[in-house]
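[1] Pasted the sequence and its predicted model underneath.
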Amino acid sequence: MDRDGGWRAAQVPAAARRVLIVTDAWRPQTNGVVRTLEALGRELERRSIEVRYLTPERFWTLPVPTYPEIRLSLATQSSVAAFIDGVAPQHIHIATEGPLGLQARQYCLDRGLAFTTSFHTRFPEYLAARVPVHPDWSYGYFRWFHEPAVRTLVPTPSLLAELSLRGLDNLVLWSRGVDASRFAPGPKSRFLDLAGPHLLYVGRIAAEKSVEDFLRLDHPGTKIVVGDGPDRAALERDYPEAVFLGYQFGEELAALYRSADVFVFPSRTDTFGNVVIEALASGLPVAAYPVTGPKDILAGTQAGALDDDLGAAVARALTLSRQAARRLGESFTYAASASQFLMALAPVGQMVSQLAHAG
């Protein structure tokens, strides 16, 4: 099966001309959900499909306690309904399970409209890392949220299997893509004054990302952390030998990838890992735990090393081929990802037709 799950762009329904994507995750957040939805919109618009977003930008917001970069919208049901009415979408996709997602879900149910959803983030595990709430309790809410959707899109086969066991239905794959022209191999232009090998992490610096597993490694060289988050100050204090660079974007981020010797992905809770395929496309082998996301991308390849001993994974990744990493990375395309997304969409009138048929 191809990376697009066996679907071809030529099979995408011609009726898909106006798509509304509802998301609680949006700029100025810097995360995989936002990057995925922005890249999806650009690819769909290249296919002459109009994409509209309903995001917290339109409403007053409040920061999430202990995680202020994530803000929750204070939208009313009437304001959400007015926006969706004005867009008059042919397809509605609800990307997140937050306040806006709830309002859009209710809008569709009140009107008998079909919609799709997606599962991006393990919020039950993220919540459990901060407060004593067992993930099983939170997954009850997720089952309820996604149950009316015609389809729920998930990024990897192993996550699909896991969510199915947790009682979620109508699951389909929606993989991810990378800009292989931006993230590409090239000369080492950074870290020249730091002891090698250069071990790189890119992502949020938060409890659920297990960044400390990376920083604890007893391995020669220099550990470099790119990103920010609520745990940064404490980790900078506890690991002064590591180099913390904060958020980096564009060409600077691409230069950091291509200048490193191995990419270390210590998270055990990600559903995919966009940064993994950015690193691979840059010709950078990856070291990770054998968990959902990394194992779906790396298992059976010579582009990365998976091991429950992260240090062993790093040691092996340092011996792997940068050319193999590049080949694997560039196999994840935005075109294939967008085709999967389009094939999963449901016309808004589908639910009305089903209800009429049932009557």
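    Alright, I've got the coordinates. Numbering: from 1, shown residues only.

[2] quick one: contacts of the host helix or strand of residue 326?
    Assessed by DSSP states H and E, residue 326 sits inside helix 322-329. Outside helix 322-329, the residues within contact range by CB atoms under 8 Å, 6 or more residues apart in numbering are 178, 180, 183-185, 277-286, 297-298, 301-304. (Glycine included, C-beta is placed from N, CA and C.)

[3] Can you say which of these are buried?
    178, 180, 183-184, 277-286, 297-298, 301, 303-304 (16 or more other CB atoms under 10 Å).

[4] I would like the residues contacting the lengthiest helix in the chain, please.
    Longest helix in the chain by number of residues, with DSSP state H as the criterion: helix 32-46. Applying CB under 8 Å, 6+ apart, the contact partners of helix 32-46 are 19, 21, 23, 25-27, 51, 53, 95-96, 120-121, 176-177, 179, 270, 272-275, 334-335, 337-338, 341-342.

[5] Past that helix, which element shows up next along the chain?
    strand 50-54.

[6] for that next one, which positions count as buried?
    Applying 16+ other CB under 10 Å to strand 50-54 flags 51, 52, 53, 54 as buried.

[7] Over to stretch 101-118?
    Neighbour-count burial for stretch 101-118 [16+ other CB under 10 Å]: 101-105, 107-108, 113-118.

[8] before we move on, back to that, how big is the angle separating the longest helix of the chain from strand 50-54?
    150 degrees (axes from the mean of the first three to the mean of the last three CA atoms, to 10 degrees).

[9] distance between helix 32-46 and the chain's centre?
    Put simply, helix 32-46 sits 11 Å off its chain's centre (CA atoms, centre = their mean, to the nearest Å).

[10] ditto for stretch 212-229
    Centre-to-centre, stretch 212-229 and its host chain are 22 Å apart (CA atoms, centre = their mean).

[11] For that stretch, C-alpha coordinates in CSV please.
    Output in CSV follows, covering the C-alpha atoms of stretch 212-229 (Å, rounded to 0.1, in the frame of the first residue of the first chain):
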residue,chain,number,x,y,z
GLU,A,212,14.2,14.7,30.4
ASP,A,213,14.8,11.1,29.1
PHE,A,214,16.9,12.7,26.4
LEU,A,215,18.7,15.0,28.7
ARG,A,216,19.6,12.2,31.2
LEU,A,217,21.4,10.2,28.5
ASP,A,218,25.0,9.4,29.4
HIS,A,219,26.3,9.8,25.9
PRO,A,220,29.3,11.7,24.5
GLY,A,221,28.7,14.9,22.6
THR,A,222,26.3,17.8,23.0
LYS,A,223,22.5,17.7,23.5
ILE,A,224,20.6,20.5,21.7
VAL,A,225,17.0,21.3,22.5
VAL,A,226,14.9,23.3,20.1
GLY,A,227,11.5,24.4,21.3
ASP,A,228,9.8,25.9,24.4
GLY,A,229,7.2,25.0,26.9
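
[12] So what touches that stretch?
    30, 69, 191, 194-206, 209, 211, 231, 235, 238-239, 241-248, 253, 256, 260-261, 264, 266, 310-311, 314-315.

[13] at 6 Å instead, please
    The contact list for stretch 212-229 (CB atoms under 6 Å, 6 or more residues apart in numbering) reads 194-206, 239, 242-248, 264, 266, 310-311, 314.

[14] Quick one: buried ones out of those?
    So, by 16+ other CB under 10 Å, the buried ones in the contacts of stretch 212-229 are 197-206, 239, 242-245, 248, 264, 266, 310-311, 314.

[15] List the buried residues of stretch 342-353.
    342, 343, 344, 345, 346, 347, 348, 350, 351.
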